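**Student:** this is a predicted model, with the sequence first.
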Amino acid sequence: MTDLSQAILSQPYAIEYYYTAKWGHAEEFIELFKKNHLPVLLKQVESGRFLSVSCTRPRYHTTEDGRWDFRVTIVFKNVVAAHEPAAGEAAIKQTLYPDQETFRREEQHRFEILLAHWDLPIVDEPLGG
């Protein structure tokens, strides 16, 4: 492996996840996200696979064609961690949520109230100076 390849593989790798909920359901979506998905993501931070997880929302609304309600940014330890299967995620979910029926039902509903969801890998653009 070249020095450049090694350098690229050792760099943090960020992906932004955008969510657009049906009108009137954004708060319900984020509450379900915090209850059922965020703890799973935080366990991935504890394991070292993720470096960080953060969430932002727009202060004001935009036009419908550009609207999104939440942006979750996950910084992975590297590009490999971002693309490998989430080892142990099923066990994490089982440990955190012993009532799997309720967990699955709530997660299904979380996605039922979405109008759109997309993932956007991002890179920092050095501006110099």
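**Tutor:** Received it, and whenever you're ready, just let me know what you need. Quick caveat, the model's predicted, so the values are computed rather than measured.
**Student:** looks to me like V53 is in a strand.
**Tutor:** Yes: under DSSP: H, G, I helix; E, B strand; the rest coil, V53 sits within a strand.
**Student:** just checking, it touches L38?
**Tutor:** Yes: if you go by CB atoms under 8 Å, V53 and L38 touch, sitting 7.3 Å apart. C-beta coordinates here come from the backbone N, C-alpha and C atoms, glycine included.
**Student:** the longest helix along the chain - contacts with which helices or strands?
**Tutor:** For the chain, the longest helix by residue count, based on DSSP state H, is helix 100-112. In terms of contacts (3 or more CB pairs under 8 Å, 6 or more residues apart in numbering; DSSP states H and E), helix 100-112 is packed against helix 26-32, helix 89-96.
**Student:** of these, flag the one that's most buried.
**Tutor:** helix 26-32 (a mean of 16; mean count of other CB atoms under 10 Å).
**Student:** give me the contacts around that one.
**Tutor:** By CB atoms under 8 Å, 6 or more residues apart in numbering, the surrounding residues in contact with helix 26-32 are Y19, A21, C55, R57, D69, F70, E106, E107, H109, R110, I113, L114.
**Student:** make JSON lines out of those residues and add distance to P98.
**Tutor:** Compiled in JSON lines, these are given as follows (distance: CB to CB, whole Å):
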{"residue": "Y19", "distance to P98": "27"}
{"residue": "A21", "distance to P98": "28"}
{"residue": "C55", "distance to P98": "26"}
{"residue": "R57", "distance to P98": "31"}
{"residue": "D69", "distance to P98": "30"}
{"residue": "F70", "distance to P98": "27"}
{"residue": "E106", "distance to P98": "14"}
{"residue": "E107", "distance to P98": "15"}
{"residue": "H109", "distance to P98": "19"}
{"residue": "R110", "distance to P98": "19"}
{"residue": "I113", "distance to P98": "25"}
{"residue": "L114", "distance to P98": "26"}
